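> here is a sequence with its predicted model. Questions after.
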Amino acid sequence: MFSVKMLRWAGIATLFFFCFFLMPTDMVRASEEDDLLKARKMYQQGDYEGSIKLLSDFVSKLRKVVKQKKKVADAFYLLAKIYFEVGDDDKVDENLRKAFTTFPTYAPPESNLGFKERADRIKNEVLSEKADAGEIDQATAKREQAKVIPRTSVKKKKKFPWLLVIGGVVV
């Protein structure tokens, strides 16, 4: 019915179309994450200008995609952090506003207390502006503002691993 040659060519064509149509989407997704990681590494190494350029390109690419809002907010937050290190106060506030406007519940861990206080202040301002404009309800804004208040860490009491002891005895 079908010759071996014909089946072989059909297999090669199927493999080609599979690679052609499915691989680029995975590569784009991987490159988005790579860009953010690359920008973070550049920031940690002190290459602020390169990091700013990479993050600006990253934001312009993803800003229109609704599902990528958290990544865009992460990029704006990192840009604000870079500008904070450089000392450009206007751009710090501008990028923090953009981060919290894009993704209001965004709350990354922060070790720099000066920057954290500033980010919390801007986040509260953005949340109250959104609540006043009716974009989010008052209860959500209050809940989000309550999350911003730093909490003291509470150590959990360690439990004895009885299950491991019983399993060891059985074995």
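Sure, I can see it. Numbers count the residues shown, from 1 in each chain.
> just list the residues touching A80, thanks.
For A80, the contact set (Cβ atoms under 8 Å, 6 or more residues apart in numbering) comprises K91, V92, D93, E94, N95, L96, A99, F115, A119. Every C-beta, even on glycine, is put in place using the N, C-alpha and C of the backbone.
> again, 10 Å this time
88, 91-100, 115, 118-119, 122 (Cβ atoms under 10 Å, 6 or more residues apart in numbering).
> select from these every entry located in helices.
Mapping those onto helices (DSSP state H) picks out 91-100, 115, 118-119, 122.
> top of the residues you listed by number of neighbours, please.
The most crowded member of the ones in helices among the contacts of A80 is L96, carrying 28 neighbours; neighbours defined as other Cβ atoms under 10 Å.
> surely that residue touches K116?
No: counting by Cβ atoms under 10 Å, L96 sits too far from K116 to count as a contact (11.0 Å).
> residue ranges of the strands in the protein, please?
Using DSSP state E, no strands are found in the chain.
> which of the helices and strands in it ranks last by mean pLDDT?
The weakest-scoring helix or strand in the chain, judged by mean pLDDT, DSSP states H and E, is helix 138-148 (a mean of 56).
> only C-alpha atoms, please: export stretch 48-63 in CSV.
In CSV, the C-alpha atoms belonging to stretch 48-63 read as follows (Å, rounded to 0.1, in the frame of the first residue of the first chain):
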residue,chain,number,x,y,z
TYR,A,48,23.2,49.1,35.9
GLU,A,49,23.1,50.6,32.4
GLY,A,50,23.0,47.2,30.7
SER,A,51,20.4,45.9,33.1
ILE,A,52,18.2,49.0,32.6
LYS,A,53,18.3,48.6,28.8
LEU,A,54,17.5,44.9,29.0
LEU,A,55,14.6,45.4,31.4
SER,A,56,13.2,48.3,29.3
ASP,A,57,13.2,46.0,26.2
PHE,A,58,11.7,43.2,28.3
VAL,A,59,8.9,45.4,29.5
SER,A,60,8.0,46.8,26.1
LYS,A,61,7.8,43.2,24.8
LEU,A,62,5.5,41.9,27.5
ARG,A,63,3.5,44.9,28.6
